[in-house]
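Novice: 3D, please:
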Amino acid sequence: MPAVSKGDGMRGLAVFISDIRNCKSKEAEIKRINKELANIRSKFKGDKALDGYSKKKYVCKLLFIFLLGHDIDFGHMEAVNLLSSNKYTEKQIGYLFISVLVNSNSELIRLINNAIKNDLSSRNPTFMCLALHCIANVGSREMAEAFAGEIPRILVAGDTMDSVKQSAALCLLRLYKTSPDLVLMGEWTSRVVHLLNDQHMGVVTAAISLITCLSQKNPDEFKTCVSLAVSRLSRIVSSASTDLQDYTYYFVPAPWLSCKLLRLLQCYPPPEDGAVKGRLVECLETILNKAQEPPKSKKVQHSNAKNAILFEAISLIIHYDSEPNLLVRACNQLGQFLQHRETNLRYLALESMCTLASSEFSHEAVKTHIETVINALKTERDVSVRQRAADLLYAMCDRSNSKQIVAEMLSYLETADYSIREEMVLKVAVLAEKYAVDYSWYVDTILNLIRIAGDYVSEEVWYRVIQIVINRDDVQGYAAKTVFEALQAPACHENMVKVGGYILGEFGNLIAGDPRSSPLVQFNLLHSKFHLCSVPTRALLLSAYIKFINLFPETKSTIQEVLRSDSQIRNSDVELQQRAVEYLKLSSIASTDVLATVLEEMPPFPERESSILAKLKKKKGPGAVSVNELEEGKREGGELNGGGERGDSSAIAGSNASTPSPSADLLGLRTGPPVTAAAPSAGSLLVDVFSEAGVNDDGFLRDLEPPTESSDSLLAEGPGDSDSAPPSVVSEDPATPLPESNELLNKFVCKNNGVLFENQLLQIGIKSEYRQNLGRMYLFYGNKTSVQFITFTTTVTCPGELQSQLNVQSKTVEPLIEGGAQVQQVINIECLTDFSEAPLLNIKFRYGGALQNLTLKLPVTINKFFQPTEMASHDFFQRWKQLSLPQQEAQKIFKANHAMDTEVLKAKLLGLGMALLENVDPNPENFVCAGVIQTKAQQVGSLLRLEPNAQAQMYRLTVRSSKDTVSKRLCELLAEQF
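Specialist: Below is the predicted model of the structure:
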């Protein structure tokens, strides 16, 4: 950057700032500012043209006044004029003013853009940097539209100076964050990725920030960056501090770049190339080894830089979850930090170990630190560290240590900070339920929980204990006895009264034989709490009283006296009054049989997801790690929510079973050749369902031939289907589909085979074939865990009008899926008429005792029933003109979402099911297709024309069909593919 000469000191500005600072009052300051504003306005409006120095000085004064908090409504044009100056200082002040005061809707944006274009094309590196900084600071959509295509060219140009490349990379990153749809890398992708090999470390550091952001949105386009990132990381990690002197920070070579490289690698699964993976593992081992070395400096900057790289490396190891040795070493390293004198290190160690606890490889290693974590929970002074300790205890809990952990958490609850008590209560309740081998222990735990932290026990907790007691005969007597004893305490929390009222009302007869808990004693104990409770609890107790009349007729007169009292039948609360009156009348006029029928014991509740777990997922304490992160990979309860990039499945591991890595590919569709083991074990990958060994395809196409009968066409049955169970197809909508269902559906518009859905527990693969208006789909359900799926059921639904448009029949699926196994389901489809919605697939099963429930859209779209039609050029355009009614045409102009590769476009159009017609369109760059959609009711002819514009990175898609709904639907489906 050019040095500022003494003549650029702007004495007038210095005097003005001095005057402002010397003002004795706010009024004096405002008076001085108004005087200066009047002077500047007169100078700008005067007849005498101002030179560059004067403009710069006055613009600087305006900028200073603005920073003092005063509005500036003039001077913008003078600042724009400074941009055309050839002096650095004048241009710099102009850009500074614009960056701070000009908003994106200003009328001057066009003039500013022209000045920026001039500077970008000037090849003066200083001016180019100023222009790039201004674009990044303003970051408006207008600037993105103007420069998003120019900046990548500057970034990858061979003659661009390193400082400009750095600015260009960061400028592009800023524009991508504000307007991602306008920043299309396209042809520049590979050249941007290769900036990781640049000689200048500053360029690499800036470029990697850009690549990381782009990779998160388009991982496939930038996957070549993995090998380059590993190579660069290897060179840094293996280098001595003297090798990178300019980029060594307190004896740590390039710590910021190392962290960025490790973070970039977390956007991708482990490298498939053995050599690259080996090199990366070597890097991670080196980082772990260096962490054990004695520090080269006692200064905190050295340890901070060293630990930053270490924690980022551990995050990558956890993300891969495929190297048992590294995971255990990472756990041991974090264990050393648990007792470090630095609070921040202890916090980070606890947080990272929460995630490590979910891995089958490191769970046992994490458990070895249980005493240290319990001690941290009791003694840490910082509440956030105590909260992380509680999270870690929750994450490391299994059947072997559940009683110890629950006891420690209950003990801590008595003195816990109020800010985390509710979350602690939920965690104790979840752990007690999930690992309750003896349900009497569960009842004791929950009642103890209510006693210790009753104010923080939500309705979900005591609802859940009621459900479990009602559903388990073996614990009902014990629960009644325990709650009766708990109610005898002088000070009893209202939630305890609720639980006591409900359980004694249902099962008080089980302890009535003991004189110490006779019916009248039970009633008097409950009624002694009545006047201290809120209205909802009183209402519950009144219901318990009428239940007592049914269970214990000898209490009838006593209870009727209570119900008949003025405080009940004339209660100001309508609910209590109504209950008292109705219960009194019921007990007076109903016979014993009627009373027994009306007040019979509550039936068992249907099995459902624990509402406590659902609430815990939503609960966010101050700075809390989400429960999904804590439990990822160890799910045993809770509803599936369709795990995404970072798996979402959350629950608690049962017995000694653990969940394999989220990157496991059960269907063999992502990596390597298919595994063809006859009987895979729980830990192994499943067979490739799309290989010949996976499915018996004999007669597959033959069975898809249309039936010869003209009846209402039962679908052609596949091999071995004749004696199968009745189809499980219903018309009502079982559940709302997952949010990502439409995205999953769009992936199968142009293909028939692949993985439809995958999360921590389950992988669903599809293989399908269509012939005329018939189709058959094979679904493959793979259990990714080592725990059985039980009561596995699937339901295919045709919501709304789809019932009359598609005929779908599904064969029942095996209700039990062993760990690591897969089952197959056949679905037959008949297209009756054109349709736009997709059938819904609802899947329910139990994993570790908890119900899992998810709903997906089956990838059945109207284009699956295309019959390709070959046409000559003359016939095509003649038919095109015939389909000229406005409603027969659907057209869409849209931005390219992917690289405009001709071969890829052809493959997608062929995958659509139409015939791709060569040498038909006068423009060889365009694509035209023809086909007929076969339905039972009619045939729908369709023509398609796709016009790509490579320069603008845009498409125009036109579809014409003999039926308007088909044109519209095909246009919607295809626009998402290119």
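Novice: rest of the way, CA atoms for contacts and neighbours
Specialist: Noted.
Novice: quick one: low-confidence parts of the stretch 151-300 of the chain?
Specialist: Residue ranges of the stretch 151-300 of the chain with pLDDT under 70: 241-243.
Novice: likewise the chain?
Specialist: For the chain, applying pLDDT under 70 flags the ranges 1-9, 47, 104-106, 241-243, 607-735.
Novice: kindly state the domain boundaries assigned to it.
Specialist: Domain assignment for the chain by the TED database gives 8-76, 397-598, 740-860, 863-976.
Novice: buried deepest among the ones you listed, which one?
Specialist: Highest mean neighbour count among the domains of the chain (mean count of other C-alpha atoms under 10 Å): domain 740-860, with a mean of 21.
Novice: and the domains of the chain: which comes nearest residue 604?
Specialist: Proximity to residue 604, assessed across the domains of the chain by C-alpha to C-alpha, is greatest for domain 397-598 (4.8 Å).
Novice: quick revisit: nearest to residue 181, of the domains of the chain?
Specialist: If you check each of those against residue 181 by C-alpha to C-alpha, domain 863-976 wins as the nearest, at 8.1 Å.
Novice: what's the span of that closest one from first residue to last?
Specialist: Using C-alpha to C-alpha, to the nearest Å, one end of domain 863-976 lies 14 Å from the other.
Novice: and the domains of the chain: which comes nearest residue 196?
Specialist: domain 863-976 (21.4 Å).
Novice: if we can go back for a sec, which among the domains of the chain is found nearest to residue 220?
Specialist: Among the domains of the chain, if distance is taken as C-alpha to C-alpha, the winner is domain 863-976, at 10.2 Å.
Novice: next one: the closest one to chain centre, how far?
Specialist: Distance of domain 863-976 from its chain centroid, counting by C-alpha atoms, centre = their mean, to the nearest Å, is 35 Å.
Novice: and if you look at stretch 563-576?
Specialist: 51 Å.
Novice: which outside residues touch that stretch?
Specialist: Stretch 563-576 is contacted from outside by 535, 538-539, 562, 577-578, 580-581, 583-584, using C-alpha atoms under 8 Å, 6 or more residues apart in numbering.
Novice: hmm, back to that, can you redo the domains of the chain as CSV with distance to residue 217?
Specialist: Shown next, in CSV, are the domains of the chain (distance: least, C-alpha to C-alpha, whole Å):
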stretch, distance to residue 217
domain 8-76, 37
domain 397-598, 34
domain 740-860, 14
domain 863-976, 11
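Novice: thinking again about what came up before, pick the one among the contacts of stretch 563-576 closest to residue 809.
Specialist: Nearest to residue 809 among the contacts of stretch 563-576, counting by C-alpha to C-alpha, is residue 539 at 49.2 Å.
Novice: my guess is that closest one meets residue 577, correct?
Specialist: No - counting by C-alpha atoms under 8 Å, residue 539 stays clear of residue 577, with 9.4 Å between them.
Novice: related to what we said a few turns ago, quick one: which two of the contacts of stretch 563-576 are the most distant?
Specialist: Spatial extent of these (C-alpha to C-alpha) is set by the pair 535 and 584 at 18.4 Å.
Novice: how much space separates the nearest residue to residue 547 once chain neighbours are set aside from residue 868?
Specialist: Nearest residue to residue 547, sequence neighbours excluded (C-alpha to C-alpha, 6 or more residues apart in numbering): residue 505, at 5.5 Å. Per C-alpha to C-alpha, residue 505 is found 70 Å from residue 868.
Novice: would you mind giving the contacts of stretch 563-576 as CSV with secondary structure and distance to residue 942 added?
Specialist: As requested, these are exported to CSV (DSSP: H, G, I helix; E, B strand; the rest coil; distance: C-alpha to C-alpha, whole Å):
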residue, secondary structure, distance to residue 942
535, helix, 67
538, helix, 69
539, helix, 66
562, helix, 79
577, helix, 70
578, helix, 67
580, helix, 71
581, helix, 71
583, helix, 70
584, helix, 73
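Novice: let's have those in a markdown table, adding distance to residue 248.
Specialist: Shown next, in a markdown table, are those (distance: C-alpha to C-alpha, whole Å):
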| residue | distance to residue 248 |
| --- | --- |
| 535 | 69 |
| 538 | 71 |
| 539 | 71 |
| 562 | 83 |
| 577 | 79 |
| 578 | 79 |
| 580 | 80 |
| 581 | 83 |
| 583 | 82 |
| 584 | 85 |
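Novice: quick check: closest non-adjacent residue to residue 462.
Specialist: residue 499 is the one closest to residue 462 (C-alpha to C-alpha, 6+ apart), at 6.6 Å.
Novice: what sits against residue 239?
Specialist: By C-alpha under 8 Å, 6+ apart, the contact list for residue 239 reads residue 253.
Novice: next, it: phi, psi?
Specialist: For residue 239, the backbone dihedrals (degrees, to the nearest 10) come out as phi -80, psi 150.
Novice: ok, residue 789 next?
Specialist: The phi and psi values for residue 789, taken as degrees, to the nearest 10, are phi -100, psi 130.
Novice: gap between it and residue 762?
Specialist: Using C-alpha to C-alpha, we find residue 789 at a distance of 10 Å from residue 762.
Novice: who touches both of those two?
Specialist: residue 783.
Novice: about what we covered before: out of the domains of the chain, the one nearest residue 146 is which?
Specialist: So among those, domain 863-976 is nearest, using C-alpha to C-alpha, at 12.7 Å.
Novice: gap between the strand or helix carrying residue 540 and the chain center?
Specialist: Assigned by DSSP states H and E, residue 540 belongs to helix 535-551. A distance of 45 Å separates the centroid of the chain from that of helix 535-551, by C-alpha atoms, centre = their mean.
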